[in-house]
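>>> generate coordinates for the sequence data below:
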Amino acid sequence: MTNRRLLVSMAALLACAACASAGSGAAPGRASLLSDAPASLDRPCRPSPAPAQLPAADALVDSAALIAAAGELWRGAGSPRGHVLLAMAYDEAGLNVRRDLIEHRLPPAMADSLQKLVFAHRRTADAAPREWGVRLRMDMGGEQPVLRVGRREVCPAQVRDAAVAGYGAFGGTPFGDVRERSAPTAILPAGGSGGGTVWVRVALDAGGHVTEARLERTPFGRAGWENRVLSYVRAISFVPATEDGWPVPGQLMFPLRLNR
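As a prediction, the model looks like this:
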């Protein structure tokens, strides 16, 4: 009897934990991208948390008319099975300002035709404080096309060349050696020839150009040194942040090892 009560209690606790997790605003999983492609190993991308609530497909397109037109096109093309995945961007007024075909498992000509149908049946969405976007997936192969709305993939900015060595000088000796983002956060000793590590935060525009740079952590206290480091950082080449492949402004913090 005791064991049964224990199992019931554990089940209740697990159910409560699941409910809390569902309502806690946890980050969306990769499935929300609606993509069949594997995750990239070169860049730590993730689903966008915005908008907080995904709109229904009918808020983006006239779904009934689109499904009817897409079904007719599909049957005329021999009823191939597959899907198209579109990136949909909207301005503050809710106007659809961009549609990109980012993935498809259909003949290219048909995928392009489906993209044109989406454009022809687009709707104006609700106004928003800033530009935003979602993904629209259309699956072909059942009794009729199926529309689903998913999240964009956002990728953080990163240093274009992780080696970046010998570009500048610190105390008369070449320095650079930008470490990976997973480098230890501990500051290395600054004495002797060992040098040290500073952590730098940069703000970037959509072109990957530095618009602001500052030191977050440094073992060096002389302003002259800091200015030289920041001048060097402003000359580093960066890959901008992206939303479904489109460059956007972003921020990045990374460690920079300096040699005396």
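>>> low pLDDT regions in the stretch 51-200 of the chain?
Regions of the stretch 51-200 of the chain meeting the criterion pLDDT under 70 cover residues 162-195.
>>> let's see that with 50 instead.
165-194 (pLDDT under 50).
>>> how about the helices in the stretch 101-250 of the chain?
Applying DSSP state H, counting those that start in this stretch to the stretch 101-250 of the chain gives helices spanning 108-120, 223-234.
>>> how far out from the middle of the chain is stretch 96-106?
Taking Cα atoms, centre = their mean, to the nearest Å, one finds the center of stretch 96-106 at 16 Å from the center of the full chain.
>>> sorry, that was for stretch 109-118
Averaged over its C-alpha atoms, stretch 109-118 has a centre that lies 25 Å from its chain's centre (Cα atoms, centre = their mean).
>>> so which residue is dead centre in the chain?
The residue at the geometric middle of the chain, judged as the C-alpha nearest the mean C-alpha position with Cα atoms, centre = their mean, is Val154 (0.9 Å).
>>> against Glu131, how distant is that residue?
13 Å (Cβ to Cβ, to the nearest Å). Quick note: C-beta positions are derived from backbone N, CA and C, even for glycine.
>>> now do Val200
When Cβ to Cβ is the yardstick, Val200 and Glu131 sit 28 Å from each other.
>>> higher neighbour count, those two?
The neighbour count for Val200 versus Glu131, taken as other Cβ atoms under 10 Å, is higher for Val200 (22 against 14).
>>> hmm, the more buried one is touching Met253, no?
Yes - the criterion here is Cβ atoms under 8 Å, and Val200 meets it with Met253 at 6.9 Å.
>>> between these two, which contacts overlap?
Counting by Cβ atoms under 8 Å, 6 or more residues apart in numbering, the residues touching both Val200 and Met253 are Glu216.
>>> re earlier: how about CSV for the helices of the stretch 101-250 of the chain, with distance to Ala93 and mean neighbour count added?
What follows is those, written out as CSV (distance: least, Cβ to Cβ, whole Å; neighbours: other Cβ atoms under 10 Å):
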stretch, distance to Ala93, mean neighbour count
helix 108-120, 17, 16
helix 223-234, 36, 15
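>>> in JSON lines, list the ones you listed along with distance to Pro240.
JSON lines is the format used below for the helices of the stretch 101-250 of the chain (distance: least, Cβ to Cβ, whole Å):
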{"stretch": "helix 108-120", "distance to Pro240": "25"}
{"stretch": "helix 223-234", "distance to Pro240": "15"}
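>>> Asp42: which of those helices is closest?
Ranking the helices of the stretch 101-250 of the chain by their distance to Asp42 (criterion: Cβ to Cβ) puts helix 223-234 first, at 22.4 Å.
>>> gap between the residue lying closest to Leu136 once chain neighbours are set aside and Ala37?
Nearest residue to Leu136, sequence neighbours excluded (Cβ to Cβ, 6 or more residues apart in numbering): Leu86, at 4.8 Å. Applying Cβ to Cβ, one obtains 14 Å for the distance of Leu86 from Ala37.
>>> of these two, who's got more company?
Leu86 (23 against 10).
>>> next one: that one from Ala111, what distance?
Separation of Leu86 from Ala111 (Cβ to Cβ) stands at 10 Å.
>>> tell me, what's touching those two both at once?
Counting by Cβ under 8 Å, 6+ apart, the residues touching both Leu86 and Ala111 are Leu101.
>>> so what's the residue count around Ala69?
Here the count is done by other Cβ under 10 Å, and Ala69 has 18 residues near it.
>>> can you check Arg99 too?
With neighbours defined by other Cβ under 10 Å, the count for Arg99 comes to 16.
>>> tell me what the helix or strand hosting Met88 is packed against?
Mapping Met88 onto the secondary structure by DSSP states H and E places it in strand 82-90. Contact analysis of strand 82-90 by 3 or more Cβ pairs under 8 Å, 6 or more residues apart in numbering; DSSP states H and E lists strand 96-104, helix 108-120, strand 132-140 as its packing neighbours.
>>> good, we can wrap up now.
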